[in-house]
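Trainee: Okay, here's the prediction I keep looking at, along with the sequence it came from:
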Protein chains: 2
Amino acid sequence: MREPAAIIGAGHTRFGARTEGPRSLIAEAVREAFASVDRGIERSVIEEGFLATLGFGGWQIGNASAVLAEAAGLVGVPVTRVENACASGGYAIRSAARAVEDGRSGVVLVVGLEKMTDSPNPRRRYWLGVSGDTEWERSAGLTFAGVYGLIASRYCADHPKGRDALSAVAVKNHANGALNPKAHFQKTVRPAEVEGSPKIADPLGLYDCCPVSDGAAALLIARGDLASRFTDTPVRIRGLGAASDTLAVQDRPVLTEFGATQRAARAALGHAGWTASSVQMLEVHDCFTIAELLALEDLGFAAPGEAVDLTLSGATARTARLPVNPDGGLKAKGHPIGATGVSQAYEIFHQLRASAGPRQVPGVERGLSHNVGGSGASATVTLFERR
Amino acid sequence: MREPAAIIGAGHTRFGARTEGPRSLIAEAVREAFASVDRGIERSVIEEGFLATLGFGGWQIGNASAVLAEAAGLVGVPVTRVENACASGGYAIRSAARAVEDGRSGVVLVVGLEKMTDSPNPRRRYWLGVSGDTEWERSAGLTFAGVYGLIASRYCADHPKGRDALSAVAVKNHANGALNPKAHFQKTVRPAEVEGSPKIADPLGLYDCCPVSDGAAALLIARGDLASRFTDTPVRIRGLGAASDTLAVQDRPVLTEFGATQRAARAALGHAGWTASSVQMLEVHDCFTIAELLALEDLGFAAPGEAVDLTLSGATARTARLPVNPDGGLKAKGHPIGATGVSQAYEIFHQLRASAGPRQVPGVERGLSHNVGGSGASATVTLFERR
């Protein structure tokens, strides 16, 4: 039986439209991660690095793993770039946690990064679309918002209060983001503002969509038996799940379910020996408001269609029974692609250590993060526990 | 002590200017890999996949890991895309071999892929350059051939017979490629042709440079204790080494040494408990002829400058003492970026199993592959043994 890997430090830039380049963003997140280690840590301790990024591996500057090695002060150390579209962060954490659980390394660094504004790529308004299906969706003109709009249309047709629940997701996540100094958007919104926002892909309006953000996040992950050298309150990685699905939503049996999320959740819960009821808080991949409802169902926290009532009941609010996205989620905190999965773990690290400040969820010891690539073609689920 | 992972099957498309798209190239390599398993294998046995590719992760079609899952018939299974510039294949093999060595999976699939011709990317003539240093090299107009040209200039200034040795590398690798039905170039060249070829970056001419190729390669890697279910002649992965270096060559102490290769070689040899003299054949990263000379020195097969005499003596020919690149190397076989590291392992798989046909190296049981990213900013070294 392997001892679970332990997060011993975490860092995070503010998300948003940042003027800095990739190296500066990496360095900022890494600096905070090193500084956050309770008993301190030398950079020379790091034996391996993992970098999650989508665009920063060719379009912009390539050989991004070597850039991480330089920017983090780790030249010489092997660094692996992991790219699984918007689930890059989750997959990178999985690779890193396995490396230490299996005893390959003592302490590793994981960084997630994206620079989405001011991109030198001439097709920048276009590049996210390549993470969906190209042959049947993108070439036909379907954007990501379009795919999620189709899913939301089906969902709202099946569940009459669906639109109200979408708005409730946006209102809740903006309220949480307003308490998060690292969030892209730090302002609350009212349901009428969400519903009155310009339509992007019916029924989804502007406030149903996450923004285009820059940012980076970093984690220091130690072998379980080494964690106590660095801190008395490590956050253990208890379960790792990952899965794939078809790229095109038309190839799936049900439009309103993500099989990759379902499979990843089963794998992670099985790994940890947990059930959904073991989990006290969630970070889910709400790239669009509809995605949070699907996530609650696919992860096993609500039966199909029942995420509507769960959300409208207020149970997913920050201080309620099952807090979901206390950091504001992708919706309000922002979604710098490669950084997102790592950012989710950063939030859970602080929530479980009770160091989340004004947005602290009271008394949580076990959390789940859920990261999706494309429109459900890949997913990871990761389970965390304090101590 | 972990039991080494075992390669039980391998596939490879012909390299060259291919009219097929990425899905077809993946499917072709994967089909051959499955068909090559001596006692047969069901696709349902595969628990995880790894994809090495540079451009096929955003520029072209994104979410490449999900494309691999579809093209290989593995929808549902987690697939991780690994990208480390031209060393992507080596890093993907490392991730895959670790996953089975550590008991995470029973059998995994590794695919390397690149589609470099007919790229829809408007900057395609430019995109390799992003894997080098941007701030000091690319923005100043230095291409990859330019960087290697600088290195070759220094090397030839230090070692008067250097230019003869560069030509000998090209002649040898073309001779080997002429025997390889999967090679991009299957023709021999004479020293005078190499030396008379148009200059690309002095002293490197056209025949000192690898071509721009399309292609894919695939490996099936099994947990050591499972290998005998599939074949009596698995090829074991005995040593895994990986390392990084600065992106810009100006930041390194010596222009004619790649520290990442040196570190990766030390790690791999240490892992296996081997010395360089344990190795009977090499696949090295000869993106330019100078790179083969550097590799021989950095890997420990020649002292600095002595790769000249080693090469001119004929010792690295296919049937000589230390065969190097019996498949033609990147120089003649081609260099579809993500596929290259996987292709090297394909060659060693067949050489160690004595199934390499007309290009068979006589009586080899232990081989080494060496994969470099950028102009030396990342590298892997992998050690293989039959049985």
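Mentor: All right, it came through fine.
Trainee: Residue A:28 and residue B:262: what is the separation?
Mentor: 32 Å (C-beta to C-beta, to the nearest Å). C-beta: built from backbone N, CA, C; applies to glycine.
Trainee: Check residue A:290 too.
Mentor: For residue A:290, the distance to residue B:262 - C-beta to C-beta - is 52 Å.
Trainee: before we move on, what about residue A:143?
Mentor: Distance from residue A:143 to residue B:262, by C-beta to C-beta: 47 Å.
Trainee: what do you get for residue A:112?
Mentor: 30 Å.
Trainee: The two: which has the busier surroundings?
Mentor: Legend: neighbour count by other C-beta atoms under 10 Å in any protein chain shown for residue A:112 and residue B:262, higher for residue A:112 (35 against 19).
Trainee: Report pLDDT for the nearest residue to the more buried one once chain neighbours are set aside.
Mentor: Sequence neighbours aside, residue A:342 is the residue nearest to residue A:112 in space, at 3.3 Å (criterion: C-beta to C-beta, 6 or more residues apart in numbering or on different chains). Reported pLDDT at residue A:342 in the predicted model: 98.
Trainee: cool, residue A:1 as well?
Mentor: 53.
Trainee: Repeat that for residue A:158.
Mentor: pLDDT, read off for residue A:158, is 98.
Trainee: got a list of what it touches?
Mentor: Counting by C-beta atoms under 8 Å, 6 or more residues apart in numbering or on different chains, residue A:158 makes contact with A:256, A:305.
Trainee: ok, now the one 5 residues further on?
Mentor: Under the criterion of C-beta under 8 Å, 6+ apart, the neighbours of residue A:163 are A:156, A:195, A:203.
Trainee: quick one, phi/psi of it?
Mentor: phi -60, psi -40 (degrees, to the nearest 10).
Trainee: who are the neighbours in contact with residue A:366?
Mentor: By C-beta under 8 Å, 6+ apart, the neighbours of residue A:366 are A:238, A:274, A:278-281, A:352, A:383-386.
Trainee: For it, give the beta-bridge partners.
Mentor: residue A:385 (DSSP bridges).
Trainee: Give me the mean pLDDT for stretch A:14-21.
Mentor: 94.
Trainee: Straight-line length of it, end to end?
Mentor: Start to finish, the residues bounding stretch A:14-21 are 13 Å apart (C-alpha to C-alpha, to the nearest Å).
Trainee: What of stretch A:198-208?
Mentor: OK, stretch A:198-208 end separation, C-alpha to C-alpha: 10 Å.
Trainee: give me the low-pLDDT residue ranges for the stretch 51-200 of chain A?
Mentor: The model of the stretch 51-200 of chain A has pLDDT under 70 over residues A:56-61, A:119-129.
Trainee: So which of the contacts of residue A:366 wins on neighbours?
Mentor: For the contacts of residue A:366, neighbours tallied by other C-beta under 10 Å; top is residue A:384, 28 neighbours.
Trainee: Contacts only, for that residue.
Mentor: By C-beta under 8 Å, 6+ apart, residue A:384 lies in contact with A:7, A:235-238, A:345, A:348-349, A:352, A:366-369.
Trainee: and if you look at residue A:238?
Mentor: For residue A:238, the contacting residues are A:4, A:271-272, A:274, A:366, A:383-385, by C-beta under 8 Å, 6+ apart.
Trainee: Can you verify my assumption that residue A:269 contacts residue A:263?
Mentor: No - counting by C-beta atoms under 8 Å, residue A:263 is not a contact partner of residue A:269; they are 11.1 Å apart.
Trainee: check contacts around the residue nearest the centre of chain A.
Mentor: By C-alpha atoms, centre = their mean, the mean C-alpha position of chain A lies nearest to residue A:341, the distance being 3.1 Å. Contact partners of residue A:341, counting by C-beta under 8 Å, 6+ apart, are A:52, A:87-93, A:112, A:369, A:371, A:380.
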